[in-house]
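**Q** dropping the sequence and predicted coords here.
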Amino acid sequence: MADHEGPVRVDSWVWSVRLTKTRSAAAAACRAGHVRVNGERAKPAQPVRPGDEVRLRHAGRDRVVVVTKVITKRVGAPVAAECYVDNSPPPPRPEQVAVVAVRDRGAGRPTKRDRRELERLRGPGH
């Protein structure tokens, strides 16, 4: 395992503990403002140390983790789970997720009848 004594770049650490699939995705999340370290927006090169709180908005979900061990190399999932304490809120139940209407490819614009059926399903106020 690649334990590291000093601080490590936040994009590298987020990728190493498998919170994102690629390091470039982690760096892009930092540049977009989706990563916060101790409440402050983080640039990709910002250092993280044990005890820091890292918040990541990824795939429509907020992840809140506290760093327990800094590593520089990507490791397996069981080892990665030992490097942080996950304080994330549970994912929303399927009933709470908004339903998105799906139309067949090539079906064209919705007709007036289709639109009225959608409005009836959505309920008043939409």
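**A** Perfect, thanks for sending it.

**Q** for this protein, which segments count as strands?
**A** 8-9, 35-37, 40-41, 47-48, 53-58, 61-67, 84-86 (DSSP state E).

**Q** beta partners of the most centrally placed residue in the chain?
**A** Per CA atoms, centre = their mean, the C-alpha nearest to the average position across the chain is that of residue 58, at 1.7 Å. Judged by DSSP bridges, the bridge partners of residue 58 are residue 61.

**Q** how about residue 43, nearest residue that isn't a chain neighbour?
**A** residue 30 (5.9 Å; CB to CB, 6 or more residues apart in numbering). Placement of C-beta: from N, CA and C, glycine included.

**Q** likewise for residue 41?
**A** residue 33 (5.4 Å).

**Q** distance check, that neighbour against residue 44.
**A** 12 Å (CB to CB, to the nearest Å).

**Q** the closest residue in space to residue 86 that isn't next to it in sequence: neighbouring residues, count only.
**A** Ranked by CB to CB, 6+ apart and with sequence neighbours excluded, the top spatial neighbour of residue 86 is residue 65, at 5.4 Å. Residues within reach of residue 65, counting by other CB atoms under 10 Å, total 20.

**Q** dump the helix or strand of the chain with the lowest mean pLDDT to CSV, keeping only the CA atoms.
**A** Least confident element among the helices and strands of the chain, by mean pLDDT, DSSP states H and E: helix 112-122 (a mean of 86). Output in CSV follows, covering the C-alpha atoms of helix 112-122 (Å, rounded to 0.1, in the frame of the first residue of the first chain):
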residue,chain,number,x,y,z
LYS,A,112,-51.5,17.6,-27.4
ARG,A,113,-53.0,14.3,-26.0
ASP,A,114,-49.5,13.2,-24.8
ARG,A,115,-49.0,16.6,-23.1
ARG,A,116,-52.3,16.4,-21.3
GLU,A,117,-51.5,12.9,-20.0
LEU,A,118,-48.1,14.1,-18.7
GLU,A,119,-49.8,17.0,-17.0
ARG,A,120,-52.4,14.7,-15.4
LEU,A,121,-49.6,12.4,-14.1
ARG,A,122,-47.5,15.3,-12.7
